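Asks: give me a 3D structure for the following:
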Amino acid sequence: MLMTREEVKNDTKNTEGNPMVKSKIMAMAHAMARRRMLQDVGGADVVVTNPTHIAVALRYDVSVSAAPTVVAMGQRKLAERIKSLARRAGVPLVENRPVARALLATAEVGRPIPPALYAAVAEILAYVYRLRDRSPAADSTLPTGSIS
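Replies: The predicted structure follows:
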């Protein structure tokens, strides 16, 4: 009682679902997640960049988490999009290659940053907060561009 190859394919489709439909559903889910991630960039405190192809948006809210949270991150075109959205929203961009690479490699979107990066990210956030306090109004936007 062996099944033919065609019968095996049909049986798999019936039990697990059509692979083409499953892949389309997964693609739509990824697109929706990316859209949600990009909507949150405007609420970030800072975007840490590697000037050419990495961007990681961070938000620090003590009432939500004890550590800064990764709001969005991406490489290449997605990184350019994150930087563009941050500029429009007045979120400061800070160029720090090692921290950007480390965040991309170890962090996850929607989760707090890894403990190993607390000190480095704290320095970046402290710098951004000092710049904000120095500005004429606390709510004014910071100049966009690279901050070293």
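
Asks: use CA for all of it now, contacts and neighbours both
Replies: OK.

Asks: for the record, mean pLDDT for the host helix or strand of Met20?
Replies: Secondary structure from DSSP states H and E places Met20 in helix 19-39. Averaging pLDDT along helix 19-39 gives 78.

Asks: pull out the buried positions in the helix or strand just after it.
Replies: Note on helix 19-39: by DSSP H and E, the next helix or strand toward the C-terminus is strand 46-50. For strand 46-50, the neighbour count (16 or more other C-alpha atoms under 10 Å) marks Val46, Val47, Val48, Thr49, Asn50 as buried.

Asks: and strand 46-50, what does it pack against?
Replies: Applying 3 or more C-alpha pairs under 8 Å, 6 or more residues apart in numbering; DSSP states H and E, one finds that strand 46-50 makes contact with strand 54-59, strand 93-95, helix 97-106.

Asks: got the phi and psi for Ala107?
Replies: The phi and psi values for Ala107, taken as degrees, to the nearest 10, are phi -90, psi 160.

Asks: identify whichever of the helices and strands packed on strand 46-50 lies nearest to Ile113.
Replies: Closest approach to Ile113 among these is made by helix 97-106 (7.4 Å; C-alpha to C-alpha).

Asks: tell me what the closest one is packed against?
Replies: Going by 3+ C-alpha pairs under 8 Å, 6+ apart, helix 97-106 lies up against strand 46-50, strand 54-59.

Asks: what are the buried residues along that helix?
Replies: Neighbour-count burial for helix 97-106 flags Arg97, Val99, Ala100, Arg101, Leu103, Leu104 (criterion: 16+ other C-alpha under 10 Å).

Asks: all set, thanks.
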